[in-house]
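Novice: I need the structure of the sequence given here:
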Amino acid sequence: MRSIRNAPKRPINLSLNSKVLDMAREMGLNISQTVDALLTEEVLRQYWQRWGEDNAEAIAHYNARIEREGLFSDRYRSFMRASPDADAA
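Specialist: Numbering: from 1, shown residues only. As a prediction, this is how the structure comes out:
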């Protein structure tokens, strides 16, 4: 997914709760920046949630294969092997 955080801005019309909007202005919040940041986070959250759902079957197959066959690098991971001394204890 391309970076969406630094894309150019585009003006839109937006309807917001008037009381919340008044309070935000009184607090000095930058409405545009706040809405942009929150919308960006929600879009990314939903994107990755859908990605996970769309790819759940492939991920399950991959995990099952790794469980069954192990990783290619397993034979090189000496730090994961039990030491011969451990069996004697």
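Novice: pLDDT at Gln46, what is it?
Specialist: pLDDT for Gln46: 98.
Novice: Report the secondary structure element holding it.
Specialist: Take DSSP states H and E as the rule and Gln46 turns out to sit in helix 31-54.
Novice: Need the contact partners of that helix.
Specialist: 1, 4-5, 9, 14, 16, 21, 24-25, 59 (C-beta atoms under 8 Å, 6 or more residues apart in numbering). All C-beta spots, glycine's among them, are computed from the backbone N, C-alpha and C.
Novice: Looking at these, state which has the most neighbours.
Specialist: Ala24 (16 neighbours; other C-beta atoms under 10 Å).
Novice: ok now the helix or strand that contains that residue, how far from the chain's centre?
Specialist: Element membership of Ala24 [criterion: DSSP H and E] is helix 18-26. Helix 18-26 has its C-alpha centroid displaced from the chain centroid by 31 Å (C-alpha atoms, centre = their mean, to the nearest Å).
Novice: Next, the angle from it to helix 31-54.
Specialist: Orientation check (axes from the mean of the first three to the mean of the last three C-alpha atoms, to 10 degrees): helix 18-26 against helix 31-54 gives 120 degrees.
Novice: Give me the helices and strands touching helix 18-26, please.
Specialist: Using 3 or more C-beta pairs under 8 Å, 6 or more residues apart in numbering; DSSP states H and E, the elements in contact with helix 18-26 are helix 31-54.
Novice: May I have stretch 42-55 exported as PDB, CA atoms only?
Specialist: Provided in PDB are the C-alpha atoms of stretch 42-55 (Å, rounded to 0.1, in the frame of the first residue of the first chain):
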ATOM      1  CA  GLU A  42      -9.600   4.600  10.600                       C
ATOM      2  CA  VAL A  43      -8.900   4.000   6.900                       C
ATOM      3  CA  LEU A  44      -5.600   2.200   7.700                       C
ATOM      4  CA  ARG A  45      -7.300   0.200  10.400                       C
ATOM      5  CA  GLN A  46     -10.100  -1.000   8.100                       C
ATOM      6  CA  TYR A  47      -7.700  -1.600   5.200                       C
ATOM      7  CA  TRP A  48      -5.500  -4.000   7.300                       C
ATOM      8  CA  GLN A  49      -8.500  -5.600   8.900                       C
ATOM      9  CA  ARG A  50     -10.000  -6.400   5.400                       C
ATOM     10  CA  TRP A  51      -6.500  -7.400   4.200                       C
ATOM     11  CA  GLY A  52      -6.300 -10.000   7.000                       C
ATOM     12  CA  GLU A  53      -9.800 -11.200   6.300                       C
ATOM     13  CA  ASP A  54      -9.200 -11.500   2.500                       C
ATOM     14  CA  ASN A  55      -5.900 -13.300   3.100                       C
END
